[in-house]
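Chemist: please find the sequence and the predicted model below.
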Amino acid sequence: DIAHLRHDRQLTSSFPNERLIPHTSLELVRNPHMPLGVDAHPFLPKGTPDQQAQTLDDILSIQAAGLAERARKSHVSTMVIGFSGGLDSTLAGLVAYKATGMLGWEHSAVHAITMPATASSERTQSNAKRLATELGFTFHEYPISKPASSMLRSYEHSRSEDTAFENTHARTRTSLLFNY
């Protein structure tokens, strides 16, 4: 709000002096046609359970069609996904599964790679392996603790689990996936 901006400008020397900032006042007018309520679940489809299921299936089909088209235009014969056992990689796996079906590929053309490290739980790793197996993907496990530790040692990191530690693990995973 305006008062907060004025306060920040007074505290921060990179802003011009207060007297150079024109005084502004806002009058808020309620629009009677604008609902005041906030939807608790704005990203979930509305309607009956059947309508909701159809909308979610349409969303999955759109994503899968986009991935299938990308694979076709890239002239690739396999897909590689990082598979942690969490929600994001599960959704990516479902999209890849449907895309391979659209392409007429065997589902084993999807290489689901899990890359456990010190913070990885046995449960999520087990979920990743089980889901990849159920979907018919080719499953690989490449622990990244050693390469990440080597990288951390190379720049004399303290081994505390700070942002640098987490970013090093993320970069190690990204590097492995891009070079697979």
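Modeler: That came in fine, so what should we check first? Fair warning: this is a prediction, and the values are worked out from it, not measured in the lab. Residues are numbered from 1 along each chain as shown.
Chemist: correct me if wrong: G136 contacts W105.
Modeler: No. Under the criterion of Cβ atoms under 8 Å, G136 is not in contact with W105, lying 10.6 Å apart. (C-beta placed from N, C-alpha, C; glycine too.)
Chemist: more crowded one of those two?
Modeler: W105 (17 against 14; other Cβ atoms under 10 Å).
Chemist: with adjacent residues omitted, what lies nearest to that one?
Modeler: S77 (7.5 Å; Cβ to Cβ, 6 or more residues apart in numbering).
Chemist: any idea how far that neighbour is from A132?
Modeler: From S77 over to A132 the distance is 18 Å, taken as Cβ to Cβ, to the nearest Å.
Chemist: more neighbours: which of those two?
Modeler: Shown here are S77 and A132; by other Cβ under 10 Å, A132 has more neighbours (25 against 9).
Chemist: just the helices in the protein please.
Modeler: Ranges of helices in the chain, per DSSP state H, are 2-11, 49-74, 87-103, 122-135, 145-154, 163-179.
Chemist: turn these into TSV, columns for mean pLDDT and distance to A109.
Modeler: Formatted as TSV, the helices of the chain follow (pLDDT from 0 to 100; distance: least, Cβ to Cβ, whole Å):
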stretch	mean pLDDT	distance to A109
helix 2-11	72	54
helix 49-74	95	9
helix 87-103	96	6
helix 122-135	93	11
helix 145-154	84	26
helix 163-179	87	16
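Chemist: of all these, which one is nearest V110?
Modeler: helix 87-103 (4.8 Å; Cβ to Cβ).
Chemist: quick one: the closest one to chain centroid distance?
Modeler: Distance of helix 87-103 from the chain centroid (Cα atoms, centre = their mean, to the nearest Å) equals 14 Å.
Chemist: for stretch 31-50, same thing?
Modeler: Distance of stretch 31-50 from its chain centroid, counting by Cα atoms, centre = their mean, is 25 Å.
Chemist: can you show me the CA trace of that stretch as PDB?
Modeler: The C-alpha trace of stretch 31-50 is given here as PDB (Å, rounded to 0.1, in the frame of the first residue of the first chain):
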ATOM      1  CA  ASN A  31     -17.800  -3.000  -7.500                       C
ATOM      2  CA  PRO A  32     -21.300  -4.500  -6.700                       C
ATOM      3  CA  HIS A  33     -20.800  -7.100  -9.500                       C
ATOM      4  CA  MET A  34     -17.500  -8.400  -8.100                       C
ATOM      5  CA  PRO A  35     -17.900 -11.300  -5.600                       C
ATOM      6  CA  LEU A  36     -16.100 -10.800  -2.300                       C
ATOM      7  CA  GLY A  37     -15.700 -14.500  -1.500                       C
ATOM      8  CA  VAL A  38     -12.500 -16.400  -2.200                       C
ATOM      9  CA  ASP A  39     -12.600 -19.900  -3.700                       C
ATOM     10  CA  ALA A  40     -10.900 -22.300  -1.300                       C
ATOM     11  CA  HIS A  41      -9.900 -24.500  -4.300                       C
ATOM     12  CA  PRO A  42      -9.500 -22.300  -7.300                       C
ATOM     13  CA  PHE A  43      -7.600 -24.800  -9.400                       C
ATOM     14  CA  LEU A  44      -9.900 -27.700  -8.900                       C
ATOM     15  CA  PRO A  45     -12.500 -28.200 -11.600                       C
ATOM     16  CA  LYS A  46     -16.100 -27.500 -10.700                       C
ATOM     17  CA  GLY A  47     -19.200 -29.700 -11.400                       C
ATOM     18  CA  THR A  48     -20.200 -33.200 -10.700                       C
ATOM     19  CA  PRO A  49     -17.600 -35.900  -9.900                       C
ATOM     20  CA  ASP A  50     -18.000 -37.100 -13.500                       C
END
